[in-house]
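Q: Sequence first, then the predicted structure, then my questions.
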Protein chains: 2
Amino acid sequence: MSELKIQHLVTLTGLLSRGAKNNFVPVTTTSLGQQIHKSQQAASQHLLELEEAGFIERMMSGRKISVRLTKKGYEQISDVFNLLKNSMGAVNTIELGGTLVSGMGEGAYYMSLKGYTKQFKTKIGYVPFPGTLNVRLDKKEHVEAARQLGSKEGIKIDGFSDGRRTYGWVKCYPCTINGKIDCQLILLERTHHDYSVIELISETDIRKRLVLKNGAHLAIKIPTE
Amino acid sequence: MSELKIQHLVTLTGLLSRGAKNNFVPVTTTSLGQQIHKSQQAASQHLLELEEAGFIERMMSGRKISVRLTKKGYEQISDVFNLLKNSMGAVNTIELGGTLVSGMGEGAYYMSLKGYTKQFKTKIGYVPFPGTLNVRLDKKEHVEAARQLGSKEGIKIDGFSDGRRTYGWVKCYPCTINGKIDCQLILLERTHHDYSVIELISETDIRKRLVLKNGAHLAIKIPTE
DNA sequence: ATTACTAAACATCGAGTAA
DNA sequence: TTTACTCGATGTTTAGTAA
């Protein structure tokens, strides 16, 4: 990762933020210590060690110190920055894996109600094929990830009432199956305590398109942000 | 700086780069140890402590571990990233301070030679007012910064010969005086071993414009990059 | 005021090892 | 195989203090 001792990165960053990239800037070990939440003595030692390692240049005028980063020092901090940048950009998808199971058939019924289909048309752009794909998540961590998904923003289909009973909201999350088929993972208000089986809807009949039988394994990717 | 122990930042970054932002990802303490250049035991301990501090969630299936970052964990690493980002962007100017002194008068003579003025006109856009502003740098670190400036790229005015003698190159660095007047700091081949007095040229007569007497204090800012 | 030394307290690490 | 414990070695920080 780096020649730089990790503890010194903080100190180096403190110096950088004081403008020590190009200029010698005056630094007292006391103020630097406060900045890095360490003692005056620690700051003093860090400066000595950073100089020894060639990351900074120190210049004493009387008892005062001025410091600036060397090329090497700046490059080190820059390396760490890039590492962090790359790591942060790394993952913006949630990946789930599971087994296709037969639904109860109720999903198909509910999702084809006028109260829902009108909203689907405007909010996800199509009326779903009648019938949901039910996928059992086999791994603990995938169930947990699905639960986490529930706390994120999705496309909200509002609930409604037909006078006799009420129908809960549905949240849609665009995703892909096996990297090929675009579909929506839906979370239902009425079942939102069980994340071990998820439901997927799509414009076309996915079972037919992928020639899927119950027991087939599916990989589902959900982009986030 | 952060609630996060600095030593754990590396571990957290390692997890992040494995995609542990949204998904639980399987992690063995041995492989994590290798990734962060520490032992299996250290990695194990880091995970325990990171969980305790609320930065990650661990999930054990048998002897295997899956891990993902919590919101708090991601925010912490994101904070560090932003801190670094801000620090890195912080300073792109060199700042010098010094006292106005009377020049030898030779600067004025040399700079008004045809061999130079023709190049000034094309390379910095004007023919400088005849006469340079000499500024004595009073602080050690400013002299050092000026020396450092010499190793950077500037606008190069080539030397020339009039048949009897040769005249050295001049490097120009755009800068401002007291945040107001645009001018050029010039480094001369013939004097480039002494950085304790710098010379400034400008299109107009700076002494008059700023009503400067010898002994006046000047602040000079030189943008870099 | 300042830097930086010493010595003791504290933290971190890895070898060995249990489960 | 794993994870994670104990414990001795090593590294780091701080209090006290000299200069």
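A: Okay, I see it.
Q: longest helix of chain A?
A: Counting residues, the longest helix in chain A under DSSP state H turns out to be helix A:71-89.
Q: taking the mean pLDDT, what do you get for it?
A: For helix A:71-89, the mean per-residue pLDDT is 79.
Q: residues in contact with it?
A: Outside of helix A:71-89, the residues within contact range by Cβ atoms under 8 Å, 6 or more residues apart in numbering or on different chains are A:1-4, A:9, A:12-13, A:16, A:21, A:50, A:54-56, A:69, B:13, B:16-17, B:77-78, B:80-81, B:84-85, B:87-88. The C-beta positions use only the backbone N, C-alpha and C, and glycine is treated the same way.
Q: Next: stretch A:135-155.
A: Applying Cβ under 8 Å, 6+ apart, the set of residues contacting stretch A:135-155 from outside is A:94-101, A:123-124, A:171-174, A:184-185, A:187, A:192, A:195-200, A:218, A:220, A:222, A:224, B:22-26, B:57, B:59, B:61, B:66, B:68.
Q: Could you list the buried residues of that stretch?
A: Applying a neighbour-count criterion of 16 or more other Cβ atoms under 10 Å in any protein chain shown, the buried positions in stretch A:135-155 are A:135-137, A:139, A:141-146, A:148-149, A:154.
Q: and which of the residues you listed is nearest to chain B?
A: Top of the list for closeness to chain B, among the buried residues of stretch A:135-155 and by Cβ to the nearest Cβ, is A:Glu141 at 3.1 Å.
Q: Pull out the buried residues from the longest helix of chain A.
A: By neighbour count with 16+ other Cβ under 10 Å, helix A:71-89 contains the buried residues A:73-74, A:76-77, A:80-81, A:83-84, A:87-88.
Q: Secondary structure class of A:Asn22, three-state.
A: A:Asn22 carries the three-state label coil when classified by DSSP: H, G, I helix; E, B strand; the rest coil.
Q: Please list the residues of chain A that sit near DNA strand C.
A: Listed as neighbours of DNA strand C in chain A under the rule Cβ under 7 Å from any atom of the strand: A:27-30, A:40-41, A:44-45, A:47-48, A:60, A:63-65.
Q: let's see it at 6 Å
A: A:28-30, A:40-41, A:44, A:47-48, A:63-65 (Cβ under 6 Å from any atom of the strand).
Q: Among those residues, which ones are in strands?
A: Where the residues of chain A next to DNA strand C overlap with strands, as defined by DSSP state E, the overlap consists of A:64-65.
Q: Scan the residues of chain A next to DNA strand C and report the most crowded one.
A: A:Leu47 (21 neighbours; other Cβ atoms under 10 Å in any protein chain shown).
Q: so that one touches A:Leu69, yeah?
A: No. Here A:Leu47 does not reach A:Leu69: they are 11.8 Å apart, not a contact under Cβ atoms under 8 Å.
Q: which residues are common contacts for those two?
A: Taking Cβ under 8 Å, 6+ apart as the contact rule, the neighbours common to A:Leu47 and A:Leu69 are A:Ile56.
Q: still on that earlier bit, quick one: which two of the buried residues of helix A:71-89 are the most distant?
A: Pairwise distances across the buried residues of helix A:71-89 (Cβ to Cβ) peak at 23.0 Å, for the pair A:Gly73 and A:Met88.
Q: What are the buried residues along the strand or helix carrying A:Gln119?
A: In this structure, A:Gln119 sits in helix A:114-123 according to DSSP states H and E. Judged by neighbour count using 16+ other Cβ under 10 Å, the buried positions of helix A:114-123 are A:116, A:119-120.
Q: what does that helix contact?
A: Under the criterion Cβ under 8 Å, 6+ apart, residues A:110-111, A:126-128, A:155-158, A:160, A:162, A:167, A:170, A:172 lie in contact with helix A:114-123.
Q: What about A:Glu57, how many residues nearby?
A: Every residue meeting other Cβ under 10 Å relative to A:Glu57 is counted, giving 18.
Q: tell me the angle of the helix or strand harbouring it relative to helix A:71-89?
A: Mapping A:Glu57 onto the secondary structure by DSSP H and E places it in strand A:56-61. With axes from the mean of the first three to the mean of the last three Cα atoms, to 10 degrees as the basis, strand A:56-61 and helix A:71-89 are set at 130 degrees to each other.
Q: Leaving out sequence neighbours, find the closest residue to A:Arg209.
A: Nearest residue to A:Arg209, sequence neighbours excluded (Cβ to Cβ, 6 or more residues apart in numbering or on different chains): A:Ile181, at 6.6 Å.
Q: Give the full set of residues in contact with that neighbour.
A: Under the criterion of Cβ under 8 Å, 6+ apart, the contact partners of A:Ile181 comprise A:202, A:206, A:209-210.
Q: For those residues, pick the one with the most neighbours.
A: Within the contacts of A:Ile181, most neighbours by other Cβ under 10 Å means A:Ile206, with 22 neighbours.
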